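Compute the structure for the input listed below.
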Amino acid sequence: ENNGFFGGVATAAKVNIWHSRYDTAGQKEIIGGLTVELIDRLVRRRAARVYEKDNPSRYAVFNSAEMIMELDCLVSEHQSIRPFLHTLFVDGVAADGRMSHAIVEDKSGRRAIKARYFIDATGDADVLARIGLPVRKDEVLQPPTMCAFLAGPEEVRKANPGFDLAEAIYDREHFANALAPGFVWTAESVGFPGVTMVAGTRIGGADCSDADQLTRASLEGRSQVRAIRDILHNNFKSGDRISVGSLPTRIGVRETRHAVCLRRLTEREVLEGVRFDEAIANGSYRVDVHHPDREGLTFRYLDGREVYSVPGRRQIPTRWREKRDVDPTFYQVPYSSLVPRGSVNVLCAGRMVDADRGAFGAVRVMVNCNQMGEAAAVASFLALEADGGVADVDRSGLRQKLAAGGSMIL
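Numbering: from 1, shown residues only. Purely as a prediction, here's the structure:
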């Protein structure tokens, strides 16, 4: 783990909100496993707040610092796990699709970790790229966002009738330091009244799998956070209450490399709710494509609706298909979208999943990636048990094992 703690985007990037674990009708539970276990553990510590099941955008908001400590406990409870924190993956030793060692760099120097099976959960497919397994990059990448915890936005809202955060920070007509219109969303900070997680920045044209571009994006992201603070602080009543309380350790990266796997999940399969007999994850989060080359973003829903949204302007509703009597209420991710082509003992999990542009806009969110991580781990165990390749894992046995561990297998 690059950071000194676990949790990735939920902790390092301070995205303290997870989307619904129910279908779009709010009736069927479609996500279980470690996602639910971790939130339940945080609820017992009063470090998470769970929303009604019919809220399509929110399952829970949580305290990111408490999540770090809870993940420490979760790892420590399993004494066979040896964590490597403050550790950077450098390269891999591999031949003919079989990896034998992960070369890492940490405070002790350069070391090699030998294993029978590996999972690339770097987000950027660093492992696959460096051992020669196939990866790809879309011509246009969804841009990263730098989040921040701000104190005072709620006081500003109360002091200024009709105040809209998005309209304020993207108001180029009145504020010279306004941001280019992207999209903004917020979440309350559990345990810190008056503090709000604000995600309103957007850094276009940044491929964060490149070191120099990652550096540029990080600097630009913080510059945009400061602009948000200054706009609110200098131009609105009670703006003197606004301050930046906390910045993330890492910028929130949406997209870089994708694995080239046995199956590429398509937008049609997502929006039509296609069922797979090898499904290892379910999701109901809408297709959400952040445009790096124009303002706003595009939403597509399983019920056929499409919305182009630019903050401060009237939304443009259309349809990507005609109305039907019955709509799908969730979609699935197949195991084969986690199996790199040519791989013998390496799987991938998370936002490097093999999905086209539209499908990726839906499956990249954390509650979906969590399930991919569980599936890759269980599949590695089954491959080890059978002394076989990751492509040969019995899909039915994998689904049964996941279900026994609390995952929702539908």
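
shaky segments in the stretch 51-200 of the chain?
Within the stretch 51-200 of the chain, no stretch has pLDDT under 70.

ok, which stretches of it are helices?
64-76, 126-131, 153-159, 165-169 (DSSP state H, counting those that start in this stretch).

Okay, helices next: where are they in the stretch 251-400 of the chain?
So, for the stretch 251-400 of the chain - with DSSP H, counting those that start in this stretch - the helices run 267-271, 357-363, 366-386, 395-404.

Of the helices of the stretch 51-200 of the chain, which is nearest residue 314?
Checking those against residue 314 by C-beta to C-beta gives helix 165-169 as the closest, at 12.3 Å. Every C-beta, even on glycine, is put in place using the N, C-alpha and C of the backbone.

For that closest one, name the packing helices and strands.
Applying 3 or more C-beta pairs under 8 Å, 6 or more residues apart in numbering; DSSP states H and E, we find helix 165-169 packed against helix 211-235.

just checking, next helix/strand downstream of the helix it packs on?
strand 243-246 (DSSP states H and E).

Quick check: buried residues in that following strand?
Within strand 243-246, the residues that qualify as buried are 244, 246, counting by 16 or more other C-beta atoms under 10 Å.

mean confidence score for that strand?
Per-residue pLDDT values across strand 243-246 average out to 96.

for that strand, the distance to its chain's centre please.
23 Å (C-alpha atoms, centre = their mean, to the nearest Å).

who's in contact with that strand?
14, 148-152, 192, 195, 225-226, 229, 233 (C-beta atoms under 8 Å, 6 or more residues apart in numbering).

how about 10 Å then?
Identification of contacts with strand 243-246 by C-beta atoms under 10 Å, 6 or more residues apart in numbering yields 14, 64-65, 147-152, 189, 192, 194-198, 222, 225-226, 228-229, 232-233.

One more: stretch 154-167?
Against stretch 154-167 from outside (C-beta under 10 Å, 6+ apart): 150, 152-153, 168, 170-171, 174, 178-179, 181-186, 188, 193-196, 198, 200, 228, 231-233, 235-242, 309-313.

For that stretch, buried residues please.
Buried, per 16+ other C-beta under 10 Å, within stretch 154-167: 154-157, 160, 163, 165-167.

would TSV of these with distance to residue 205 be doable?
Output for the buried residues of stretch 154-167, formatted as TSV (distance: C-beta to C-beta, whole Å):
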residue	distance to residue 205
154	33
155	35
156	31
157	32
160	34
163	31
165	25
166	22
167	25
